Every structure is written in structure tokens, then in C-alpha cells.
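1. Give me a 3D structure for the following:
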Amino acid sequence: MASNNDDSSSNFFTNDLDRNDSERDLYAILHISKDADTTTIQQAYRRLTLLYHPDKHTDSRNKQLAVDLFIQVKNAYDILNDPQKRAIYDVVGMKGLKAEGWEIITRTRTAREILDEYERLAKEREEKRFNQITNPNASIHATINLTDIFNQINSIDDNNNILPKIETTEFTVEQSIDIPLTRQDTATINAVATIRNGRGIGSLTTSFRRILSDLSWFRIDLTYGQRPYIGFHYFRRITQKLQANVHTTFSFIMSRKTLVTSGFIFSINYQLTHNLTSSLQWKTG
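-> Predicted structure coming up:
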């Protein structure tokens, strides 16, 4: 008889566990309807925790099944007994509860408001994921000539009341974005626009980088602008503190006759301390 009871109990637990896992319905886990009030939820929780409490079962298989069901009941109760969590679950489901960034709700929200909030959080997560993948970077640099200010400060002429002239001699805007192609390959687009002494220049660079190993990578740069060029860059980490760089470029000078000039840079960098690095560089061209 004991064996039949154990088999019956085991089948009961297994059926409950299978149903709860497949449906993922918190109301089904507690065996209550979706319009159940707080009192009904609490009563169901007390009844099921007594039924599934591991200490009430001696058979090892039943004990493990009881532990799994006990945990599911506890998790379902924690959500459905919390008005805010229950409202989110009813509208969006479990995926809504897993979303981060829910603001503290101090009043009852409508289903439409909860759905709008979830969509806002989902959009923020998507934008964050996109930024992590593309790694967009922007920078602005300005060179300002303040010579006239210091000249007036050092002037011995007390009657010099002319306002000092402040001149922006150079202004540069730079924007870059990464485009992951594979785990080893990344394309980068970089645009630079500069105004220097009233003249504007700009360039557009497309780079392709391949990670060869954990210690090295290779990159090709194609730049189009006032002076187009193609560059090849190889990086190798020799030790934890020692690394080498090889960079060669071919520039194209556009005139009546196209001229090609080349450049070559070989450098070795060694990290002396956390904040101090030494570099040895050989450059031609």
C-alpha cells in the first residue's frame, strides 16, 4: 500500500510540476482564478506550502519534487500578492517583471500606462544594446587665441579701454561609429570636419579591423579627403607590459600628376608603472 501511495503522490507532484513549467501561469501554480482577491491568494499560498513542504515527505524523489513546487508556489505568491508586480504581470507577463528600470509606482496604474512604461523600458534597453554594439563616439576640439587678453593685462597704457580680441583659430568636430561584422571583424566609419583660419577641410575614413588572436590584430584604413591615403596597422602584444606597433601609409597628392608618398612607423611601448609608459619609435616618410 505504501508503494502505491508513494507512486500516486509522485505522479501528483510530477503532473503539477509539468503543468506549472509548461504554462508558466502563476495563477495555475496557486490553483486560483485570475480575478482572485488578496485573501484567496494568501489562503492558497498557506494551503500549498503545507502540502508541498519538503519536511513532510520522506521519499527522496517526492522530496525533490516538493522542493521544486514549493519554490514555484513561493515565487508565484511573491508576485501575485504584490499589487504592483501583479499589475505588471497581468498586462505584460513574466517578461515585464524581468525588465529593469520600473519607476516606483505610488498609485494604481491602468493597463495602458503599464504597457506604455514597458515599451519605454524596452526601447531604452534596445538603444543601450545598440550603443554597446556600435560604440558611437563624438568629440569637439577648439583652439582659441587669447593673446590679446594677456597683451592688455601686461600693457602699461591705462587708457587702453579697447575690448580684447578673442579669436577661434581652429574648430574640429569628429564622429565615429563601429559596425561589428563578426566576432573577429569590425568596420569603423570616422568623419572629421575642421575649420582652420577661415578655411574648411574634412575627411572620411573607413577602417576594417580583424582580431588575429588574443594578442594581435590587423587594420586597414581608407581615407578620402584633401589628401587621400591608405594605411596598414599591425598590433602585437609581446608580454603583459610590452607591445609593438607597425604602421605604414601611402598618401596620394592630387595635382596635374598624381604623386604617391609613403610613410612607415615602428614603435615599441613598455608600461613602466600603472600611470607611466615609455615608447621607442622609428619613423620614415
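2. Please make it C-alpha for all contacts and neighbour counts, starting now.
-> Will do.
3. show me where this structure has strands.
-> Assigned by DSSP state E, the chain shows strands spanning 137-145, 167-180, 185-196, 199-211, 216-225, 229-237, 242-253, 259-271, 277-284.
4. Please name every helix or strand in contact with the first one.
-> Of the remaining helices and strands, those touching strand 137-145 by 3 or more C-alpha pairs under 8 Å, 6 or more residues apart in numbering; DSSP states H and E are strand 167-180.
5. what's the angle from the strand it packs on to strand 137-145?
-> 170 degrees (axes from the mean of the first three to the mean of the last three C-alpha atoms, to 10 degrees).
6. Contacts for strand 167-180, please.
-> With contact meaning C-alpha atoms under 8 Å, 6 or more residues apart in numbering, strand 167-180 is reached by 133-146, 186-198.
7. Apply 7 Å and report the result again.
-> 134-145, 186-197 (C-alpha atoms under 7 Å, 6 or more residues apart in numbering).
8. helices or strands next to the longest helix anywhere in the chain in the packing?
-> As assigned by DSSP state H, the longest helix anywhere in the chain is helix 111-134. The contact analysis (3 or more C-alpha pairs under 7 Å, 6 or more residues apart in numbering; DSSP states H and E) places helix 111-134 against helix 83-92, strand 167-180.
9. of the contacts of strand 167-180, buried ones?
-> 134, 136, 186-192, 194-195 (16 or more other C-alpha atoms under 10 Å).
10. can you redo these as a markdown table with distance to N245 and pLDDT?
-> Shown next, in a markdown table, are the buried ones among the contacts of strand 167-180 (distance: C-alpha to C-alpha, whole Å; pLDDT from 0 to 100):
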| residue | distance to N245 | pLDDT |
| --- | --- | --- |
| T134 | 25 | 74 |
| P136 | 25 | 83 |
| T186 | 19 | 91 |
| A187 | 20 | 93 |
| T188 | 19 | 94 |
| I189 | 22 | 94 |
| N190 | 21 | 94 |
| A191 | 24 | 94 |
| V192 | 24 | 94 |
| T194 | 28 | 92 |
| I195 | 31 | 89 |
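11. Determine which two of those residues are furthest apart.
-> Greatest spacing in the buried ones among the contacts of strand 167-180, by C-alpha to C-alpha: T186 and I195 (30.0 Å).
12. Could you export the helices and strands packed on helix 111-134 as a markdown table, including mean pLDDT, mean neighbour count and distance to K123?
-> Shown next, in a markdown table, are the helices and strands packed on helix 111-134 (pLDDT from 0 to 100; neighbours: other C-alpha atoms under 10 Å; distance: least, C-alpha to C-alpha, whole Å):
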| stretch | mean pLDDT | mean neighbour count | distance to K123 |
| --- | --- | --- | --- |
| helix 83-92 | 83 | 18 | 15 |
| strand 167-180 | 89 | 16 | 20 |
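13. Adding distance to L26 as columns, could you present the ones you listed in a markdown table?
-> Converted to a markdown table, the helices and strands packed on helix 111-134 look like this (distance: least, C-alpha to C-alpha, whole Å):
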| stretch | distance to L26 |
| --- | --- |
| helix 83-92 | 9 |
| strand 167-180 | 40 |
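14. K283 is nearest to which of these?
-> Closest among those, using C-alpha to C-alpha: strand 167-180, at 26.2 Å.
15. okay, now L26: neighbour count?
-> L26 is flanked by 24 other residues according to other C-alpha atoms under 10 Å.
16. now it: how far from D35?
-> Using C-alpha to C-alpha, to the nearest Å, one gets 12 Å for the distance from L26 to D35.
17. ditto for L115
-> As judged by C-alpha to C-alpha, L115 and D35 stand 20 Å apart.
18. Those two: which is more packed in?
-> Counting neighbours by other C-alpha under 10 Å for L115 and for D35 shows that L115 has the greater number, 16 against 8.
19. and that one, what does it touch?
-> Taking C-alpha under 7 Å, 6+ apart as the test, what L115 contacts is 91-92.
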